[in-house]
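> I'll drop the sequence and a predicted model, then ask my questions.
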Amino acid sequence: MAKNDKGTCEACGGYKYIRVEPRSKIPGLIIPGGAFVPCPDCTYTERVYRNIEKGWKNLFKSPKLETGPSPLMDCVEKNLWVTATVRDFRMHLKHVAIRKGPSWDFKVASDKTLMTADFANMSVRGIEILDPDFEELERMASTSLQVMTLSDLIEPPELLIIQLGVKGRNRHLPEVLLETLSQREHLSKKTWLWDQPHRLFSEDHHGFSEEIAAFMETWEHDRIKIGTSGVRVLSQNGVFEMDTDGDDDIEAVFTLSNLSGMGSAKEVKAPEKKPKKPRKKKERN
């Protein structure tokens, strides 16, 4: 290999690959061959970019998070219910994905994507589908030899992030969401439910059902609300509470409360400054 030019990667000489010789567990035994692997120095950024785009297309184009560390960073190994606008969530998720590196196995799928995958299961069984989104499935089938089923979509990633509120009204949507959550729990894999401030996951949501509410009562998860003026982090440890307000302006900042039993939240407020009392002037005799 030629001598490296100035500015060229010292590990690979600018070739982006390095040769790794095989190692033998038996001392003195030489194994012929070897393999070329991506250079860990100069290809790291490129591999991070590809992994982010694989998890959610065009996520890398999202604006940079300027408000400091994201609370989502502490939830990658947890189930989570997060409320945020699309722009805010993309900024926070990009922040996390860059720092988790090229091997972080995450996938963002909308509730519409889940329904489309479930349509594939129904189509295989010969069930008639009366939904306009089924045309999307037919287009997928015409351009691919294999249509992704619901299991193909929800089972592989270590972290599945479900964007709620994309699919229109469909009576089967709550069933598909419940099946997804139950299957992910069965596989001991983590799931994030993501709704928006103007379309909260409550009784009037297209995907809501009493069965899902009952399931989430036993589903250990954290609760985070990301607003325009702060972040609210709530621990929902075995307790499911519905939001009734759609206010996106969150002034209080909450920290996780790791209490057993009833879930609760610990509010942290900046100490109030007491007004200084005016000094009394001393009277001269």
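Nice, thanks for sending it over.

> where in the stretch 101-250 of the chain is pLDDT low?
120-148, 228-230, 233-250 (pLDDT under 70).

> For it, which segments count as helices?
For the stretch 101-250 of the chain, applying DSSP state H, counting those that start in this stretch gives helices covering 111-124, 134-143, 150-154, 173-186, 210-218.

> among these, which is nearest Pro102?
Nearest to Pro102 among the helices of the stretch 101-250 of the chain is helix 150-154; the distance by Cβ to Cβ comes to 21.9 Å. Just so you know, the C-beta spots here come from the backbone N, C-alpha and C atoms, and that holds for glycine as well.

> Buried residues, the closest one. List them.
Within helix 150-154, the residues that count as buried by 16 or more other Cβ atoms under 10 Å are 150, 153-154.

> who touches the closest residue to Trp56 other than its chain neighbours in this structure?
Of all residues not flanking Trp56 in the chain, Val108 sits nearest, at 3.9 Å (Cβ to Cβ, 6 or more residues apart in numbering). Contact analysis of Val108 by Cβ atoms under 8 Å, 6 or more residues apart in numbering lists 55-56, 59, 93, 161, 163.

> need those residues in JSON lines with neighbour count and distance to His186, can you?
JSON lines is the format used below for the contacts of Val108 (neighbours: other Cβ atoms under 10 Å; distance: Cβ to Cβ, whole Å):
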{"residue": "Gly55", "neighbour count": "20", "distance to His186": "22"}
{"residue": "Trp56", "neighbour count": "19", "distance to His186": "24"}
{"residue": "Leu59", "neighbour count": "19", "distance to His186": "28"}
{"residue": "Leu93", "neighbour count": "25", "distance to His186": "25"}
{"residue": "Ile161", "neighbour count": "22", "distance to His186": "18"}
{"residue": "Gln163", "neighbour count": "21", "distance to His186": "22"}
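
> Show the end-to-end separation of stretch 69-88, please.
13 Å (Cα to Cα, to the nearest Å).

> Residues contacting it, please?
Contacts of stretch 69-88 (Cβ under 8 Å, 6+ apart): 62-63, 89, 92-93, 95-96, 99-100, 104, 106, 159, 190-197, 200-201, 216, 219-228, 231, 233, 236, 243, 248, 256.

> now do 7 Å
89, 92-93, 95-96, 99-100, 159, 190-197, 200, 219-226, 231, 233, 236, 248 (Cβ atoms under 7 Å, 6 or more residues apart in numbering).

> Please list only the buried members of the residues you listed.
Buried among the contacts of stretch 69-88 (16+ other Cβ under 10 Å): 89, 92-93, 95-96, 100, 159, 190-197, 200, 219, 221-226, 231, 233, 236, 248.

> re the thing from before, and the buried residues of helix 150-154 as TSV, adding distance to Ala117?
Output for the buried residues of helix 150-154, formatted as TSV (distance: Cβ to Cβ, whole Å):
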residue	distance to Ala117
Leu150	4
Leu153	5
Ile154	8
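
> quick check, nearest of those residues to Pro38?
Leu153 (27.8 Å).

> could you give the mean pLDDT of stretch 14-34?
For stretch 14-34, mean pLDDT rounds to 70.

> Which strand or helix spans Val82?
strand 80-83 (DSSP states H and E).

> and that strand, which strands flank it?
strand 190-195 (parallel), strand 221-227 (parallel) (DSSP bridges).

> any idea how far Ala97 is from Tyr49?
10 Å (Cβ to Cβ, to the nearest Å).

> What number of residues are in the vicinity of Ala97?
Residues lying near Ala97 (other Cβ atoms under 10 Å) number 24.

> Can you tell me the closest non-neighbouring residue to it?
Residue nearest to Ala97 in three dimensions, not counting chain neighbours: Ile52, with 4.7 Å by Cβ to Cβ, 6+ apart.
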